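> below: sequence and its predicted model.
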Amino acid sequence: MADLRDASGAWQEYRPVQNTLSSRQIRLCDMTFEDLNLNTPLLNALSDLGFTQPTPIQQKVFSVVMSGRDVVGIAQTGTGKTFAYLLPILRQLTFSKQKEPRVLIVVPTRELVVQLVGEIRKLTPYMTTRVEGVYGGTNINTQKLLLVNGVDVLVATPGRLVDLAMCRALNLKYIRQFVIDEVDEMLNLGFRAQLTNILDMLPRKRQNLLFSATMTEEVDEMIGIFFNAPVNIEAVRAGTPLERIEQSAYRVPNFFTKINLLEYLLGADDTMQKVLIFGPSKRMADVIYDRLEARFPDQFEIVHSNKSQNFRMNAVAKFEKGLLRGLITTDLLARGLDVSDVTHVINVDTPAEPETYIHRIGRTGRADRDGMAVLFVTEAEQAAQEAIETLMQKEIPLLPLPGDLDISDQLTEDERFTVPEVQVKLPARPTGAFHEKKAKNKKVNKGNKTKFLREKKYKKPIKKGGKKR
Ligand code: AMP
């Protein structure tokens with residue numbers, strides 16, 4: 001079938017292919033992976049995975065990366081964006097005994113490093129690709145040893161990467177392709193300085209591939225500084241929720257009633273089998289966990305940045321394998337992490353940033369699965385809900401609270417100190433004065449009283465520093 005290159009070997013312009021599959025499935029192109037210029041080891045690996053057709057972003061990114069140009073991909077997780085950059089990179093990677101890595105992929109969290117290394121291994125069982133992942137929170141010396149025997153593709157979190165390069169355990173001089181995935185999240189997490197450091201250490205002649213779920217000003221600025229006329233490729237317009245997610249919302253008076261509702265729904269709905277629960281903060285996530293643990297012992301686990309790295313990895317692995325009914329977390333896991341078959345995403349808080357909501361609910365309804373997203377909204381959070389609906393250009397259907405739900409009157413510290421915004425309707429102001437001012441209110445403010453008295457005494461204006469002159 002059609003090669004994307006013309007007879008002279010030049011790459012043809014990308015022509016969009018109509019999506020023929022149901023919109024409730026992951027969007028796939030008409031073409032098959034065989035139509036992309038992939039090699040047999042990659043085709044065999046894809047076939048083992050049961051993937052036959054590329055997604056639109058995979059098709060678009062493939063030809064551009066092969067042409068050597070820089071790419072800026074705006075793509076949410078769930079669009080197939082990871083394979084979109086991995087396939088052309090692996091297609092171009094030749095066997096080498098060189099110890100220094102040639103491909104560098106930077107991602108924001110340790111979990112993503114582990115996941116990405118796994119994805120690369122899935123694609124390379126028929127290749128001799130050496131792939132390693134390095135991340136903070138573990139012994140740096142163990143990770144130095146990983147690099148000793150040589151690496152082709154290195155996946156890293158920014159901080160640990162800089163540390164390894166600084167102590168010369170890692171040489172970045174031979175990097176030919178540099179991928180920054182989830183760059184918006186990386187900047188949110190405050191990795192800007194490390195990213196700049198890394199970019200400064202890389203050779204000038206290289207290909208840059210940047211992927212972000214949203215295009216922020218900061219991301220745009222970074223592209224302007226470090227990228228060379230990149231090709232912009234957008235998979236799903238940022239803010240467009242995946243169509244196969246069924247969304248609903250509940251208006252709930254306060255946080256503790258939200259926990260009651262969560263407990264109620266989990267008790268009543270046994271289709272909630274692989275549930276990702278987002279809490280507003282680590283402390284509140286702990287509160288949610290304690291309540292669920294008491295009601296549903298050993299069915300839930302909690303993951304946030306105060307938990308050790310091993311604990312986090314184990315909990316995510318157990319959740320992924322279906323050994324847990326649910327995982328409670330904060331926005332640490334909202335992006336990137338690919339856990340399959342999540343049946344429900346429950347937002348105990350309504351995120352203030354509408355994009356965060358989109359990322360959270362993107363954990364369900366992935367690949368060809370349907371998913372449910374539930375949002376709990378207090379009165380104070382209604383503006384945030386409206387912002388989400390505006391971004392999606394879609395209202396989230398409101399469900400009534402169950403009649404027998406226990407409404408709590410316990411308030412969190414935040415709720416106690418948040419004075420509800422009361423709309424006070426002021427009477428129309430009369431246009432003229434309606435009573436005579438009292439004498440004390442008629443006084444004119446003359447400013448500095450001491451100065452005024454001194455000026456009165458000496459009968460002339462007193463200037464500051466006048467004595468010295
Ligand atoms: P991503 O957007 O990269 O996080 O990928 C989302 C999910 O889609 C992952 O579970 C992939 O394994 C899966 N996936 C990626 N490419 C394809 C494809 N061409 N066909 C079917 N599923 C895919």
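Received the coordinates, thanks.

> switch to C-alpha atoms for all contacts and neighbour counts from now on
OK.

> need the phi and psi values for Val106.
Backbone torsions for Val106, taken as degrees, to the nearest 10, come to phi -110, psi 130.

> for it, list each beta-bridge partner.
Ala156, Ile180 (DSSP bridges).

> that one contacts Pro158, doesn't it?
Yes - when contacts are counted by Cα atoms under 8 Å, Val106 is listed as touching Pro158 (6.3 Å).

> which stretches in the stretch 101-250 of the chain count as helices?
In the stretch 101-250 of the chain, the segments counted as helices under DSSP state H, counting those that start in this stretch are 110-123, 140-148, 158-166, 183-188, 192-201, 217-226.

> okay, now the unreliable bits of the stretch 201-350 of the chain?
In the prediction, the stretch 201-350 of the chain carries residues with pLDDT under 70 at positions 236-242, 332-338.

> please enumerate the strands of it.
Counting by DSSP state E, counting those that start in this stretch, the stretch 201-350 of the chain has strands at residues 207-212, 231-234, 245-251, 275-278, 300-303, 326-329, 344-347.

> closest to the ligand out of the ones you listed?
Comparing these against the ligand with Cα to the nearest ligand atom, the closest turns out to be strand 207-212 (10.7 Å).

> quick one on the thing from earlier: and Gly190, which of the strands of the stretch 201-350 of the chain is closest to it?
Between Gly190 and the strands of the stretch 201-350 of the chain, the tightest spacing by Cα to Cα is seen for strand 207-212, at 15.3 Å.

> now for the closest one, which elements pack on it?
With contacts defined as 3 or more Cα pairs under 8 Å, 6 or more residues apart in numbering; DSSP states H and E, strand 207-212 has these neighbours: strand 71-74, strand 177-180, helix 183-188.

> could you point out the helix or strand that follows the first one?
It refers to strand 71-74. Counting by DSSP states H and E, the next helix or strand C-terminal to strand 71-74 is helix 81-92.

> okay, how far is it across stretch 224-244, tip to tip?
End-to-end span of stretch 224-244 (Cα to Cα, to the nearest Å): 35 Å.

> picking that back up, so which of the helices and strands packed on strand 207-212 is the most packed in?
Of the helices and strands packed on strand 207-212, the one with the most neighbours on average (mean count of other Cα atoms under 10 Å) is strand 71-74, at a mean of 24.

> which residues touch that strand?
In this structure, residues lying in contact with strand 71-74 by Cα atoms under 8 Å, 6 or more residues apart in numbering are 61, 64-65, 208-215, 230-238.

> Tyr135 contacts Pro108, correct?
No - contact status for Tyr135 versus Pro108: not in contact, 9.5 Å apart, counting by Cα under 8 Å.

> closest to Thr390 out of the strands of the stretch 201-350 of the chain?
Here strand 245-251 is closest among the strands of the stretch 201-350 of the chain (Cα to Cα), at 14.6 Å.

> pull the residues that contact the closest one.
Outside of strand 245-251, the residues that reach it under the criterion Cα under 8 Å, 6+ apart are 361, 364-365, 370-379, 396-401.

> can I get the strands of the stretch 201-350 of the chain in a markdown table with distance to Pro56?
Shown next, in a markdown table, are those (distance: least, Cα to Cα, whole Å):
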| stretch | distance to Pro56 |
| --- | --- |
| strand 207-212 | 15 |
| strand 231-234 | 9 |
| strand 245-251 | 19 |
| strand 275-278 | 27 |
| strand 300-303 | 33 |
| strand 326-329 | 31 |
| strand 344-347 | 26 |
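
> quick one: which of the helices and strands packed on strand 207-212 is nearest Val316?
With respect to Val316, and counting by Cα to Cα, the nearest of those is helix 183-188 at 19.4 Å.

> that older thread, columns distance to Asn44 and mean pLDDT on top of the helices and strands packed on strand 207-212, output as a markdown table?
Putting the helices and strands packed on strand 207-212 into a markdown table (distance: least, Cα to Cα, whole Å; pLDDT from 0 to 100) gives the following:
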| stretch | distance to Asn44 | mean pLDDT |
| --- | --- | --- |
| strand 71-74 | 26 | 90 |
| strand 177-180 | 24 | 97 |
| helix 183-188 | 31 | 86 |
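
> Tyr85: which of those is closest?
Go through the helices and strands packed on strand 207-212 one by one with Cα to Cα and the one that ends up closest to Tyr85 is strand 177-180, at 8.1 Å.

> show me what that closest one is packed against.
Packed against strand 177-180 by the contact rule (3+ Cα pairs under 8 Å, 6+ apart) you find strand 103-106, strand 207-212.

> nearest to Thr271, out of those?
Judging these by Cα to Cα, what sits closest to Thr271 is strand 207-212, at 32.4 Å.

> just checking that closest one against the ligand, any contact.
No - in terms of Cα under 6 Å from any ligand atom, no part of strand 207-212 sits within range of the ligand; the closest distance is 10.7 Å.

> a markdown table please, covering the helices and strands packed on strand 177-180 and showing mean neighbour count.
Below are these laid out as a markdown table (neighbours: other Cα atoms under 10 Å):
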| stretch | mean neighbour count |
| --- | --- |
| strand 103-106 | 23 |
| strand 207-212 | 23 |
